[in-house]
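[1] Predicted model follows, preceded by the sequence.
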Amino acid sequence: MVECYWPRITEGQVREILERSDLARRLSSQAGVQPLGSLLVPSDGMVIFLFEGTSPAAIREAAALAEVPFDRIVEFQHIMAGGSPSKCSSSEM
């Protein structure tokens, strides 16, 4: 999970980051790093980009190459209702 604190962030800005023409190319050059989407909290000026990756360093490098203005990278677990946890991403930066 790549956290970005970005005052007045808009959906358009988030989509711009996700849809940059060379984003996929840059991320695919990082072995095992896959973007999963994002969560936007405009009232808090925060966006969380979700990545699955092989290591914290690979995710950090992919986010930097994609010019994601991140504050920190943390591991997260996605726990579905009635299901088991799914461990993703990396450790705290």
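    Perfect, I can see it now.
[2] from here on, contacts and neighbour counts on C-alpha atoms
    Will do.
[3] Bridge partners for V2, pull those for me.
    On DSSP bridges, the residues paired with V2 through beta bridges are F49, I73.
[4] Relative to the whole chain's centre, how far out is the host helix or strand of F51?
    Take DSSP states H and E as the rule and F51 turns out to sit in strand 46-52. Going by CA atoms, centre = their mean, to the nearest Å, the spacing between the C-alpha centre of strand 46-52 and its chain's C-alpha centre is 3 Å.
[5] is it true that V2 touches I48?
    Yes - between V2 and I48 there is a contact at 5.5 Å, judged by CA atoms under 8 Å.
[6] Give me the more crowded residue out of the two.
    Remark: of V2 and I48, V2 carries more neighbours, 25 against 18, as counted by other CA atoms under 10 Å.
[7] Report the central residue of this structure.
    Per CA atoms, centre = their mean, the C-alpha nearest to the average position across the chain is that of F49, at 2.6 Å.
[8] In contact with the residue nearest to G53 when sequence neighbours are not counted, which residues are there?
    Sequence neighbours aside, V33 is the residue nearest to G53 in space, at 4.2 Å (criterion: CA to CA, 6 or more residues apart in numbering). Each residue near V33 by CA atoms under 8 Å, 6 or more residues apart in numbering is listed here: 27, 51-54, 58-59, 62.
[9] Just the closest of those residues to D71, please.
    Distance to D71, by CA to CA, is smallest for I59 among the contacts of V33, at 13.0 Å.
[10] isn't there a helix covering the closest one?
    Yes - the assignment for I59 is a helix, going by DSSP: H, G, I helix; E, B strand; the rest coil.
[11] residue ranges with poor pLDDT in the protein?
    Low-confidence segments of the chain, defined by pLDDT under 70, span residues 20-31, 83-93.
[12] can you pull out the strands in it?
    With DSSP state E applied, the chain shows strands at 2-5, 34-41, 46-52, 72-73, 76-79, 85-88, listed in chain order.
[13] For L18, find the nearest of the ones you listed.
    Each of these has some distance to L18 by CA to CA; the shortest is strand 34-41, at 7.7 Å.
[14] what lines up beside that closest one in the sheet?
    Strand 34-41 pairs in its sheet with strand 46-52 (antiparallel), by DSSP bridges.
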